[in-house]
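*Asks:* this one's structure only:
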């Protein structure tokens, strides 16, 4: 497969699901994903890492490289530790991350993640819950990811998801900046800063 690569399998998902269940109204605390991103309107999300607004520097959000743990992420130490572990294993820097729920019969509509932020990074899906197997399509390839599996996929391709099961489908979705792209991201930030200072 060109657009998918399995990174881990048979990970015990119980601690992650127990952690989510322990947080009251976990899915209701942040609605920006479904409110502001049309192709994501049927999905629920718990933000774990988001862009640093102070570093926008006149850029579009899709071009901001800097990220940070959200305040609410402190309630999800198991999820945080997992992302940190994968980043260390792959020699990459953590970027944006969220826990996403796609209810039964709902979909993420076809789209490409555009912008400098996405072009420099890899996108990962860790499947926590999916009774039917998580269907995902990128380009001309389709897969069904299983619970306990971690996958990289190429979100530079047109991609979409559909929950054809009868229960919620829950993933941790996160981005990583590979070591060989660190200099590119730093240079892009400095260029944005210099442009903003010149305009001031």
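*Replies:* Ah, there it is. Only a predicted model underlies this, so the values are computations on that prediction, with no experimental measurement involved.
*Asks:* I figured residue 157 hits residue 136, correct?
*Replies:* No. Between residue 157 and residue 136 no contact is recorded; they are 10.9 Å apart, counting by C-beta atoms under 8 Å. Placement of C-beta: from N, CA and C, glycine included.
*Asks:* so those two - more neighbours on which side?
*Replies:* Neighbours were tallied for residue 157 and for residue 136 using other C-beta atoms under 10 Å; the higher tally belongs to residue 136 (22 against 15).
*Asks:* in which helix or strand would I find residue 185?
*Replies:* In this structure, residue 185 sits in helix 182-199 according to DSSP states H and E.
*Asks:* contacts for that helix, please.
*Replies:* Contacts made with helix 182-199 from outside it, assessed by C-beta atoms under 8 Å, 6 or more residues apart in numbering, are listed as 55, 57, 58, 59, 63, 65, 66, 93, 116, 120, 177.
*Asks:* between the residues you listed, which is nearest residue 166?
*Replies:* For residue 166, the closest of these turns out to be residue 177, at 36.9 Å, with distances computed as C-beta to C-beta.
*Asks:* so where do the strands sit in this structure?
*Replies:* Using DSSP state E, the strands assigned to the chain run over residues 4-8, 44-51, 67-69, 92-102, 107-111, 122-129, 134-138, 141-145, 150-153, 159-162, 169-178.
*Asks:* which residues does residue 80 contact?
*Replies:* Shown in contact with residue 80 (C-beta under 8 Å, 6+ apart): 48, 69, 73.
*Asks:* I'd guessed the first one sits against residue 94; true?
*Replies:* No. Between residue 48 and residue 94 there is no contact, the gap being 9.5 Å when judged by C-beta under 8 Å.
*Asks:* joint contacts of these two?
*Replies:* Contact criterion C-beta under 8 Å, 6+ apart; residues bridging residue 48 and residue 94 by contacting each: 83, 174.
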